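> could you look at this predicted model? Sequence included:
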Amino acid sequence: MGFKKYIIVSFAFLIIVVFGTLYVNNDEFTVKIVELGINRTLPIYIWIILPALVLFFATVLHMIFYGTKSYLQRSTIKKDISKISMILNDRLLDKTSSLSIKTPSLKEIADILNTVEIKIPTKSFEPSPLIAATTTTIQALNSGKYISVKELKLPSDNIWAIKNTKNRLAIDDNFAVEVLKNPNSYDTNLIECAFDILLENKPIESIKKITAELSLTNRMIQKLLLKDSEQLSLTNHEILDYLK
């Protein structure tokens, strides 16, 4: 029974009790307790209805208390479920979520999600708008599209941020040049990726100028010498310098 229905039915019951008592007995009754100084005379229907009213109000307070408690619990669970969706979204982006979950069972799920790798399913599905947007972003990155850093909003060491940077290198030679000229600002893997792209698109002479201040890794030197075997642009002295 709902709270409103309980109030209505209770009042109806109390009214029935009052009129039923008046119909059966309209006399008065005196309660006298000398020790407590109580000497009260009231109609019998009032003596009957008073305990019922006390019980009624106590029941209402009980229902309000546990109703409020239940509402707060449901509200917390609803918020935690929403956070689970956000945590799932973070894991798709390979981020560890710091969101706090209060519901014990959901907290356990959140802790598990933060330790597993989640990939986009190949079969069609209907995710929430948040996850749908993330899925679209990941699919765009996997297809080679570059997304601006402000729009992507991921830390530079995140795997999708690195993938995004590689996508930019693949479509922007000027950015690849910038990476090689500022090696302290980028990860070694990105530097090698930029080097590979420029090595494929530019002649050896241009590569020599771009990498003049760059310390090449063994892998980069091997690729450079392999490319030079086709173009024969490096002198013996330059080759020896690279091999030192």
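Good, I have the coordinates. Residues are numbered from 1 along each chain as shown.

> give me the longest helix you can find in the chain.
Longest helix in the chain, counting residues (DSSP state H): helix 44-92.

> quick check: which helices or strands does the following helix or strand past it pack against?
As assigned by DSSP states H and E, the chain's next helix or strand after helix 44-92 is helix 104-113. The contact analysis (3 or more C-beta pairs under 8 Å, 6 or more residues apart in numbering; DSSP states H and E) places helix 104-113 against helix 44-92. Yep, even glycine has a C-beta here, placed from its N, CA and C like the rest.

> and the helix it packs on with helix 104-113, angle?
Angular relation of helix 44-92 and helix 104-113 on a 0 to 180 degree scale: 0 degrees, by axes from the mean of the first three to the mean of the last three C-alpha atoms, to 10 degrees.

> for the record, mean pLDDT for helix 44-92?
Here helix 44-92 scores 87 as its mean pLDDT.

> name the nearest residue to Asn39, ignoring sequence neighbours.
In space, and not counting its chain neighbours, Asn39 is closest to Lys32: 4.8 Å by C-beta to C-beta, 6 or more residues apart in numbering.

> this structure: helices as residue ranges?
So, for the chain - with DSSP H - the helices run 3-24, 44-92, 104-113, 129-142, 149-152, 159-171, 173-181, 188-201, 204-210, 218-231, 236-243.

> could those be laid out in TSV, adding distance to Ile120 and mean neighbour count?
Formatted as TSV, the helices of the chain follow (distance: least, C-beta to C-beta, whole Å; neighbours: other C-beta atoms under 10 Å):
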stretch	distance to Ile120	mean neighbour count
helix 3-24	46	12
helix 44-92	7	14
helix 104-113	15	13
helix 129-142	5	14
helix 149-152	16	11
helix 159-171	12	18
helix 173-181	27	17
helix 188-201	23	18
helix 204-210	37	16
helix 218-231	31	14
helix 236-243	43	11
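
> could you dump these to a markdown table with distance to Leu36?
A markdown table is the format used below for the helices of the chain (distance: least, C-beta to C-beta, whole Å):
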| stretch | distance to Leu36 |
| --- | --- |
| helix 3-24 | 25 |
| helix 44-92 | 16 |
| helix 104-113 | 50 |
| helix 129-142 | 66 |
| helix 149-152 | 78 |
| helix 159-171 | 78 |
| helix 173-181 | 92 |
| helix 188-201 | 88 |
| helix 204-210 | 102 |
| helix 218-231 | 98 |
| helix 236-243 | 107 |
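
> nearest to Lys119 among the ones you listed would be which one?
Among these, helix 44-92 comes nearest to Lys119, with 7.9 Å by C-beta to C-beta.

> name the helices or strands packed onto the closest one?
helix 3-24, strand 28-33, helix 104-113, helix 129-142.

> let's go with 10 Å and repeat that
Applying 3 or more C-beta pairs under 10 Å, 6 or more residues apart in numbering; DSSP states H and E, we find helix 44-92 packed against helix 3-24, strand 28-33, strand 38-43, helix 104-113, helix 129-142.

> which residues touch the residue of the chain positioned farthest from its centre?
In the chain, the residue that sits farthest from the middle, by C-alpha atoms, centre = their mean, is Asp27; the gap is 69.6 Å. If you count contacts by C-beta atoms under 10 Å, 6 or more residues apart in numbering, Asp27 has them with Pro43, Ile44, Tyr45.

> and for Thr68?
The contact partners of Thr68, by C-beta under 10 Å, 6+ apart, come to none.

> now it: how far from Gln139?
Look at Thr68 and Gln139: by C-beta to C-beta, to the nearest Å, they are 45 Å apart.

> and what of Lys181?
Note on Lys181: its distance to Gln139, by C-beta to C-beta, is 32 Å.

> try Leu50
Distance of Leu50 to Gln139, computed by C-beta to C-beta: 71 Å.
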